[in-house]
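1. Give me a model of this one.
(one chain, ligands or ions: 2)
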Amino acid sequence: MSETEMKLVVVGAGGRMGQTLIRTVHGMDGVRLHAAVERPGSPFIGRDAGELAGLGAVGIPVTNEPLAAFLHADGVLDFTAPAGTVEFAGLAAQARIVHVIGTTGCSADDEAKIRAAARHARIVKSGNMSLGVNLMGVLTEKAARALAPAHWDIEILEMHHKHKVDAPSGTALLLGEAAAKGRGIDLKDHSVRVRDGHTGARPQGTIGFATLRGGSVIGEHSVMLAGEGEMVTLSHSATDRSIFARGAVTAALWARDQKPGFYCMLDVLGLN
Ligand SMILES: NC(=O)C1=CN([C@@H]2O[C@H](COP(=O)(O)OP(=O)(O)OC[C@H]3O[C@@H](n4cnc5c(N)ncnc54)[C@H](OP(=O)(O)O)[C@@H]3O)[C@@H](O)[C@H]2O)C=CC1
Ligand SMILES: O=C(O)C1=N[C@H](C(=O)O)C[C@H](O)C1
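-> Ligands and ions are numbered 1, 2, ... in the order given. Presented below is the predicted three-dimensional model:
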C-alpha cells in the first residue's frame with residue numbers, strides 16, 4: 001500500500017453504482033478504498049464492502065457515519081440521491097476533500113447548496129462521467145451551432161432501466177445544455193419536457209426531450225437534429241456501468257491537484 005495512493009470513500013456503497021465503484025477502485029492504480037458508507041437502517045451496514053461488491057473480503061465494513069469516514073480520506077465518490085449528496089457536499093467541505101458527484105435529479109436549491117460547499121471542497125459534478133458521453137456533448141454543441149442558421153429541430157431521446165427515479169436523465173439534460181450552448185440560448189426557456197394530447201405544431205427553436213424506462217437498460221441516449229428531408233443522429237450506448245466508475249475515479253485523481261471549486265467532466269477530460 002503506497003502513501004501516495006488516494007484514499008477514497010464510496011457512499012451509497014450497496015447501490016448499483018456503489019458496488020461498481022468498489023470494484024473499480026479495487027482494480028485501478030493510484031487509489032484505494034478507505035471506507036464505504038450507507039444510510040442508517042440500511043441492511044448493508046456492518047457487511048464487508050468487498051463481499052458486497054463480489055470481490056471477497058477487503059476488511060472494510062460498511063458504516064453509517066459519513067463524517068468519521070471522510071475525516072482521514074482524500075475524496076468521496078457519490079452516486080446516491082439528491083438529499084444525501086447535499087449532505088455529503090457539506091461534510092466534504094468540512095473535511096476539505098474531493099467530492100465527485102454523479103447523482104442526478106438535483107433541484108436548483110440542491111445545486112446552490114452544492115456550489116456553496118465548493119468554496120471549501122473540490123467538487124466535480126456531471127450527469128455522466130463517461131468519456132463517450134462527454135465527447136458526444138462536445139459534438140452536440142458543434143452540430144447545434146453549425147445547424148442553427150438552418151433552423152434544424154433538436155430532440156433528445158433517452159432510455160434507462162425500470163428502477164431509475166428521475167427524468168429526463170442527467171445525461172439528457174447535459175446534452176440539452178450542450179445543444180442550447182451551441183445555439184446561444186438558455187435551455188430552461190426553450191426545453192419541451194412533456195408532450196401529450198393536442199399539442200399544436202412544434203415551436204421553432206425548442207429542444208425536446210423524450211424518456212423511456214424499462215428492463216435493465218444501463219443508458220441509451222440520442223440527439224436527433226432534424227432538418228427538411230434529412231436528419232443527423234448522435235448516439236451513445238452504455239453497456240457496462242464501469243465506464244461511469246472509471247470516469248469518477250479519474251475525476252477524483254484530477255481534482256486532488258485542483259483548488260477548491262466546482263468542476264465538470266469536461267474540465268477533467270480537457271474538453272472544455
Ligand atoms: N453521473 C453518472 O455518470 C451516473 C449517474 N448515476 C446516478 O447515480 C445515482 C445512483 O444510481 P444507482 O446506483 O443506479 O442507484 P441505486 O438506488 O442502486 O443506489 C443508490 C444508493 O445510494 C444509497 N443512498 C441514498 N441516499 C443515501 C444517503 N443519504 N446516505 C447513504 N446512502 C444513500 C441508496 O440507499 P437506499 O437504497 O437505502 O436508498 C442506494 O444504496 C442516480 O442519481 C443515478 O442517476 C448513475 C450512473 C452513472
Ligand atoms: O440512473 C442511471 O442508471 C444513470 N443515470 C445517469 C443519468 O441520469 O444520465 C447516467 C447514466 O445514463 C445512468
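2. hey, let's count contacts and neighbours off CA atoms from now on
-> OK.
3. and the stretch 1-150 of the chain, which residues reach ligand 1?
-> Residues of the stretch 1-150 of the chain lying near ligand 1 by C-alpha under 6 Å from any ligand atom: 11-18, 37-39, 42, 79-81, 84, 102-104, 126-129.
4. Domain-wise, how is the chain divided?
-> Domain segmentation of the chain under the TED database yields 6-125+241-269, 131-238.
5. pLDDT averaged over the helix or strand where Leu21 lies - what is it?
-> Assigned by DSSP states H and E, Leu21 falls within helix 16-27. Averaged across helix 16-27, the pLDDT comes to 98.
6. how about that helix as CSV, C-alpha atoms only?
-> What follows is helix 16-27, C-alpha atoms only, in CSV (Å, rounded to 0.1, in the frame of the first residue of the first chain):
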residue,chain,number,x,y,z
ARG,A,16,-25.8,-0.4,-8.4
MET,A,17,-23.1,2.3,-8.8
GLY,A,18,-21.8,1.9,-5.3
GLN,A,19,-20.9,-1.7,-5.9
THR,A,20,-19.4,-0.9,-9.3
LEU,A,21,-17.3,1.9,-7.7
ILE,A,22,-15.9,-0.5,-5.1
ARG,A,23,-14.8,-3.0,-7.8
THR,A,24,-13.3,-0.2,-9.9
VAL,A,25,-11.4,1.4,-7.0
HIS,A,26,-10.0,-2.0,-6.2
GLY,A,27,-8.8,-2.5,-9.7
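7. Put the alpha carbons of the helix or strand that that helix is followed by into PDB.
-> Going down the chain from helix 16-27, the next helix or strand is strand 31-37, by DSSP H and E. The C-alpha coordinates for strand 31-37 follow below in PDB (Å, rounded to 0.1, in the frame of the first residue of the first chain):
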ATOM      1  CA  VAL A  31      -6.400   4.800  -5.400                       C
ATOM      2  CA  ARG A  32      -7.600   2.600  -2.600                       C
ATOM      3  CA  LEU A  33     -10.900   2.100  -0.700                       C
ATOM      4  CA  HIS A  34     -10.800   3.900   2.600                       C
ATOM      5  CA  ALA A  35     -14.400   3.500   3.700                       C
ATOM      6  CA  ALA A  36     -17.900   2.600   2.500                       C
ATOM      7  CA  VAL A  37     -21.000   4.400   3.600                       C
END
